[in-house]
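**Q** For reference, the sequence and a predicted model appear below.
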Amino acid sequence: MKTGLCSITFRKLTVLQVANLVKEAGLDAIEWGGDVHVPHGDLIAAREARRITEEAGLAVSSYGSYYRILDEAGTVQDFEPVLETALEMGVNTIRIWAGPLGSDLADATYRNRLVVESLRIAEQAAKQNVRLGFEFHRNTLMDTNESALHLLEEARHPNLYTYWQPMYWGPDMETRLQGLDVLRERILNLHVFYWLYDFEKQQRESRPLVEGADDWRRYLSVELPAGDHFALLEFVRNNDPAQFLADAATLKKWVGVCGG
């Protein structure tokens, strides 16, 4: 297990500022986001992000593209610029979103269409030796353990994987661990954060990562398939660089204790 940061944690910082901060933290890599730092199709930005990252002694772990296979109107989005941008950064993993609808709102027709398009872009990326990892997130077809597993089974392609993060939006610890276990053969990377969630107000509160020690030591104890995986910090309390440095130190300690 290697460590890193999702750049969207610091959207207001420049690429150079993010890279310097990650270097200071002693992490291994950066996943550059496609919404601010490296937009789809901006090959100049992609080359610059790669150069700055490598000069800082870091790796580009992946491309957090924020590409949705279908948009809010149900229209298929062009994947080619996303793939070209990832290739320019030299990455072998692109994070994508399984549409804009949660599993409770998606009918069979919608699911089937998303499966068909998932298979199409998975094949497109495979030709370039690039893997696709679904974001494990609410309001997509990857919002529950059951729906996520179902989608990966329906879109059965050796190039389709998933990321994983704690399901802050609902289930208890045992349900989270169950999902981590049943999905683990298809998990590429982890999103690491610690949030408290008020279900009545539907509000989340970002907390120092160290407060989630009991939870994260259990998550990190689940064995993933052989190969490189990244535990990527995503969001920090008050978007504070100092808090990020503290969280990074915590994460490195946990990864070391859990045997990497």
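**A** That came in fine, so what should we check first?
**Q** which residues touch I52?
**A** I52 sits next to 15-16, 19 when contact means CB atoms under 8 Å, 6 or more residues apart in numbering. Where you see a C-beta, it was placed from the backbone N, CA and C, and this is true even at glycine.
**Q** Next, L87: secondary structure please.
**A** With DSSP: H, G, I helix; E, B strand; the rest coil as the basis, L87 sits in helix.
**Q** List the contacts of it.
**A** L87 sits in contact with 128, 130, where contact means CB under 8 Å, 6+ apart.
**Q** again, but for E146
**A** Taking CB under 8 Å, 6+ apart, we find E146 in contact with S103.
**Q** Kindly recompute the last result at 10 Å.
**A** Residues in contact with E146 (CB atoms under 10 Å, 6 or more residues apart in numbering) are 103, 179, 182.
**Q** all helices for the stretch 1-150 of the chain, in order.
**A** Under the criterion DSSP state H, counting those that start in this stretch, the stretch 1-150 of the chain contains helices at 15-25, 43-55, 80-89, 108-126, 145-154.
**Q** For F136, find the nearest of these.
**A** helix 145-154 (6.3 Å; CB to CB).
**Q** now the closest one and helix 108-126, what's the angle there?
**A** 60 degrees (axes from the mean of the first three to the mean of the last three CA atoms, to 10 degrees).
**Q** Show me what the helix or strand that helix 145-154 is followed by is packed up against.
**A** Note on helix 145-154: by DSSP states H and E, the next helix or strand toward the C-terminus is strand 160-164. Applying 3 or more CB pairs under 10 Å, 6 or more residues apart in numbering; DSSP states H and E, we find strand 160-164 packed against strand 93-97, helix 108-126, strand 131-134, helix 145-154, helix 173-183, strand 187-192.
**Q** if we go to 6 Å?
**A** The contact analysis (3 or more CB pairs under 6 Å, 6 or more residues apart in numbering; DSSP states H and E) places strand 160-164 against strand 131-134, strand 187-192.
**Q** And what about the closest residue to T9 other than its chain neighbours, helix, strand or coil?
**A** Excluding the flanking residues, the one nearest T9 by CB to CB, 6 or more residues apart in numbering is F235, at 5.5 Å. Classification of F235 using three-state DSSP returns coil.
**Q** residues in contact with I30?
**A** 4-5, 7, 22, 53, 58 (CB atoms under 6 Å, 6 or more residues apart in numbering).
**Q** I'd like these laid out as CSV, including neighbour count and pLDDT.
**A** Below are those laid out as CSV (neighbours: other CB atoms under 10 Å; pLDDT from 0 to 100):
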residue, neighbour count, pLDDT
G4, 26, 98
L5, 30, 98
S7, 27, 98
V22, 27, 98
T53, 25, 98
L58, 19, 98
